[in-house]
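Q: Next input, structure requested:
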Amino acid sequence: MKTNKDIFSLPSEWISEESKQIVQSCREIVEKEIFPVRDTLDEDWKDHKLYEPLLKKLMLDFGWQCAPWPKEYGGFELDTITYNLCQEEMNRGDSGLATAADCGNWAFLPILAPKPNEVLIKKFAPLACQTDKLFIGCAAITDERSGSDVENIDGTHGKYISTTAVLDGDEWVINGHKLWPTNSGGVADLFAVFCTTNPGVEDDESFAIIYVPADTPGVKQGEAVLRDLASHPSTARFISTKLARHFIADDPPEQVIDRLSKVFPQSGGDCVFPNSTSFSTTLLATIHCIISLSVDSFSFNSSIELYFS
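A: The predicted structure follows:
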């Protein structure tokens, strides 16, 4: 059996000549474009001065954006082996960039084979198979309690999905908050929102994936969500409790925490203790501290009527 560990992770006999050419093209882009800058990509988390051009190289120049879509719509309809070999090459360059590229397509897989949704394919395929403009998807899955296995068909059957969808006339009204979905924070054009139509019930039939355009009113991403979080009463009380414990006692008087919790949002984060000892912890600093941990967060409070899978 012939193998080439440097080029492919599978026996050569399993890979067609066409697949080898596709994977080699991917490898050339990775080595030419990603290798020289991959040590600096982590520092580009906010501005995307390096990230966005590289994503375009993969999605548009290489054609990864077209990879999973049917040929009749202009897609490549790549087989599983070729697709995964290309993913290996991208990960060899940078795993974060590879994840972003793959998740850009992954959000659409529920409407493709083996059970294609022709209505949604006809709507999204022309956008995804463009060669001059990014069309990035985001699989919005993780909830606070249910984690990334939100449906959990072998256990909780969607009981703990906290993002809900309620039919109001001919629109689905979605409410919820998703954590760290790849390509959120301003990258994605469309969200595949994993949600439930019957919260708190073990019912697989209540599980839904609703496609929500990123510019839908009520959708908040990244810093917008974090600003809401930073100004929330629970945040004021949490920070006030921490500060009171640091400056007063391990078990500070409840009235001190109550007063600080009221002053915090009114002053934008500048708090004064009852004994006139002052300190400043700005709301902006709070936001930046949270952002430094993660900007991949967003929430929904919106209506959408077209995109249901």
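
Q: From here on, just use CA atoms for contacts and neighbour counts.
A: Will do.

Q: Now do the contacts for the closest residue to residue 73 other than its chain neighbours.
A: Excluding the flanking residues, the one nearest residue 73 by Cα to Cα, 6 or more residues apart in numbering is residue 125, at 6.2 Å. Residue 125 sits next to 69, 73, 74, 75 when contact means Cα atoms under 8 Å, 6 or more residues apart in numbering.

Q: Looks to me like residue 125 is in a helix.
A: Yes: assessed by DSSP: H, G, I helix; E, B strand; the rest coil, residue 125 belongs to a helix.

Q: Low-confidence stretches in the stretch 201-309 of the chain?
A: 222-229, 268-309 (pLDDT under 70).

Q: can we see that at 80?
A: For the stretch 201-309 of the chain, residues meeting the criterion pLDDT under 80 lie at 221-232, 264-309.

Q: One more: the stretch 1-150 of the chain?
A: 1-12, 46, 144-148.

Q: Now do the helices in the stretch 151-300 of the chain.
A: 222-230, 233-247, 254-267, 283-293 (DSSP state H, counting those that start in this stretch).

Q: cool, the stretch 1-150 of the chain as well?
A: With helices called from DSSP H, counting those that start in this stretch, the stretch 1-150 of the chain shows them at 17-29, 51-56, 80-93, 95-106, 118-128.

Q: what's the distance between the closest residue to residue 26 other than its chain neighbours and residue 157?
A: Spatially, and ignoring its direct neighbours in sequence, residue 26 is nearest to residue 86 (6.3 Å; Cα to Cα, 6+ apart). Using Cα to Cα, to the nearest Å, residue 86 is found at 34 Å from residue 157.

Q: Neighbour count: these two, which is higher?
A: Using other Cα atoms under 10 Å, the more surrounded residue of residue 86 and residue 157 is residue 86, with 23 against 20.

Q: Tell me the spacing between that one and residue 76.
A: Computed as Cα to Cα, the residue 86 to residue 76 distance reads 13 Å.

Q: Can you tell me the closest non-neighbouring residue to residue 258?
A: residue 237 (7.5 Å).

Q: Report the contact partners of the one you found.
A: For residue 237, the contact set (Cα under 8 Å, 6+ apart) comprises 257, 258, 260, 261.

Q: And the residues you listed, which is closest to residue 97?
A: Checking the contacts of residue 237 against residue 97 with Cα to Cα, the nearest one is residue 261 at 40.7 Å.

Q: Verify the contact between that closest one and residue 240 for me.
A: Yes: shown here, residue 261 and residue 240 form a contact pair, counting by Cα atoms under 8 Å, at 5.8 Å.

Q: about what we covered before: could I get the helices of the stretch 1-150 of the chain as CSV with distance to residue 252?
A: Shown next, in CSV, are the helices of the stretch 1-150 of the chain (distance: least, Cα to Cα, whole Å):
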stretch, distance to residue 252
helix 17-29, 59
helix 51-56, 47
helix 80-93, 50
helix 95-106, 43
helix 118-128, 56
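
Q: Deepest-packed of these, please.
A: Of the helices of the stretch 1-150 of the chain, the one with the most neighbours on average (mean count of other Cα atoms under 10 Å) is helix 95-106, at a mean of 20.

Q: what residues does stretch 148-155 touch?
A: 141, 142, 143, 157, 158, 159, 160, 161, 194, 204, 207.

Q: Understood, closing this out.
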